[in-house]
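1. what follows is a protein structure lacking sequence information:
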């Protein structure tokens, strides 16, 4: 009986978290690894930038001055996309023109007072302090009666729309459960109902058994290129124990999470380095946490995980674009997830 060859045959893969498909065309990669090494433009960064609105002691929009913070620093976004006192109004014109008001809160989390660092440059203790802030904010914001989902994320690099290089992330907490977490809620809930087990617990067992897409694992977490990955070097981090959200982590798990975040972000910076051990490309990405909604309902189906979506393809200057077929039909990739995981393992930053 013929068997599908995932490294040779054109095929589609199912994203079990969203229910959507991706087209994989590995035959287009029938040539040696084309990881062209091109040194990215280097900016001489300062530890402190007097013109940076995120650095300690500097002024932000409207004259608000940052404290002289020494570790992490959280504040309400001065240009918030979500407003807590937005009117709860609706518009519905024959079910064709439909809109409704949306309340929310947006916050900024400065990871470090140092302007010249990224998450990859921080120590595990420093990253754990960031994780503690994420946990506190998830709990504080989630307790508000009009907040039903707390999205924690980071955009790194100009390529991903980050206008300020100071190490920081964002938290958008809102009244509705956004589209992507809503898809994942439905998929996980349906799987739990049909199989009486957790979707990501079962998926993690399969990945750990096969090992071909695993990039790194420690006692508490596993990082791998998901079977359905859309972006060339996409990574999914899953907690090994069933945790619905970050509040359920033990201190030991937080330390394990900090370690794997340091290793994965450090590994990314080595993918297109000129020589092993000399990272020169600060790898851009959008990344963030997916965890249970804060709507007051039971979410036994939810399993904590962290997505990394980096755009780089074959060098620091070549980006994967979603165009043409991908915008009009469905995502597509040539470089298989298995090959991506192999390349990441080759440059793992321990």
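-> Received the coordinates, thanks. Being a predicted model, the structure only gives us computed values, none of them experimental.

2. show me the shaky parts of the stretch 151-300 of the chain.
-> 274-280 (pLDDT under 70).

3. what are the ranges of the strands in it?
-> 168-174, 214-217, 221-224, 235-239, 285-290 (DSSP state E, counting those that start in this stretch).

4. now tabulate those in a markdown table and tack on mean neighbour count and distance to residue 1.
-> Yep, even glycine has a C-beta here, placed from its N, CA and C like the rest. Shown next, in a markdown table, are those (neighbours: other Cβ atoms under 10 Å; distance: least, Cβ to Cβ, whole Å):
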| stretch | mean neighbour count | distance to residue 1 |
| --- | --- | --- |
| strand 168-174 | 21 | 49 |
| strand 214-217 | 20 | 28 |
| strand 221-224 | 24 | 28 |
| strand 235-239 | 24 | 31 |
| strand 285-290 | 22 | 37 |
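
5. can you show me the helices along the stretch 51-200 of the chain?
-> Taking DSSP state H, counting those that start in this stretch, the helices of the stretch 51-200 of the chain run over residues 124-142, 179-195, 199-210.

6. most tightly packed of these?
-> helix 124-142 (a mean of 19; mean count of other Cβ atoms under 10 Å).

7. burial count for residue 309?
-> 18 (other Cβ atoms under 10 Å).

8. didn't it look like it was pressed against residue 286?
-> Yes. With contact defined as Cβ atoms under 8 Å, residue 309 counts as touching residue 286 (4.8 Å).

9. so for stretch 291-306, what gets flagged as buried?
-> Of the residues in stretch 291-306, 291, 292, 293, 294, 299, 301, 302, 303, 304, 305, 306 count as buried by neighbour count, 16 or more other Cβ atoms under 10 Å.

10. try stretch 70-81
-> Result for stretch 70-81 [16+ other Cβ under 10 Å]: buried residues 72, 73, 74, 77.

11. quick one: mean pLDDT for that stretch?
-> Mean per-residue pLDDT for stretch 70-81: 96.

12. first-to-last residue distance for that stretch?
-> Taking Cα to Cα, to the nearest Å, stretch 70-81 runs 28 Å from one end to the other.

13. tell me, how many residues neighbour residue 108?
-> Neighbours around residue 108, by other Cβ under 10 Å: 21.

14. residue nearest the centroid of the chain?
-> Nearest to the mean C-alpha position of the chain, by Cα atoms, centre = their mean, lies residue 287 at 2.0 Å.

15. need the strands of the stretch 151-300 of the chain in a markdown table (columns: distance to residue 339).
-> Formatted as a markdown table, those follow (distance: least, Cβ to Cβ, whole Å):
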| stretch | distance to residue 339 |
| --- | --- |
| strand 168-174 | 30 |
| strand 214-217 | 12 |
| strand 221-224 | 13 |
| strand 235-239 | 14 |
| strand 285-290 | 19 |
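
16. minimum distance to residue 199: which of those strands has it?
-> Of all the strands of the stretch 151-300 of the chain, it is strand 235-239 that lies closest to residue 199, at 10.6 Å by Cβ to Cβ.

17. beta-bridge partners for the closest residue to residue 152 other than its chain neighbours, please?
-> In space, and not counting its chain neighbours, residue 152 is closest to residue 289: 4.5 Å by Cβ to Cβ, 6 or more residues apart in numbering. Using DSSP bridges, the beta-bridge partners of residue 289 come out as residue 306.

18. dump the residue contacts of residue 289.
-> Residues in contact with residue 289 (Cβ atoms under 8 Å, 6 or more residues apart in numbering) are 134, 151, 152, 153, 246, 304, 305, 306.

19. doesn't residue 290 make contact with the last one?
-> Yes. With contacts counted by Cβ under 8 Å, residue 306 reaches residue 290, the gap being 7.5 Å.

20. just send the buried residues of stretch 70-81 back as CSV, with distance to residue 166 too.
-> Putting the buried residues of stretch 70-81 into CSV (distance: Cβ to Cβ, whole Å) gives the following:
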residue, distance to residue 166
72, 12
73, 10
74, 14
77, 14
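
21. from those residues, which land in strands?
-> 73, 74 (DSSP state E).

22. and the buried residues of stretch 70-81, which is closest to residue 250?
-> Distances from residue 250 to the buried residues of stretch 70-81, taken by Cβ to Cβ, are shortest for residue 72, at 20.5 Å.

23. so the closest one touches residue 129, yeah?
-> Yes. Residue 72 lies in contact with residue 129 (Cβ under 8 Å); the separation is 5.4 Å.

24. re earlier: quick check: the residue nearest to residue 152 vs residue 342, distance?
-> 27 Å (Cβ to Cβ, to the nearest Å).

25. ok, now residue 105?
-> 42 Å.

26. these two: which is more packed in?
-> residue 105 (21 against 15).

27. ok, what's across the strand from the residue nearest to the more buried one when sequence neighbours are not counted?
-> Counting by Cβ to Cβ, 6+ apart, the nearest residue to residue 105 once its immediate chain neighbours are dropped is residue 173, at 4.9 Å. Residues in a beta bridge with residue 173, per DSSP bridges, are residue 105, residue 150.
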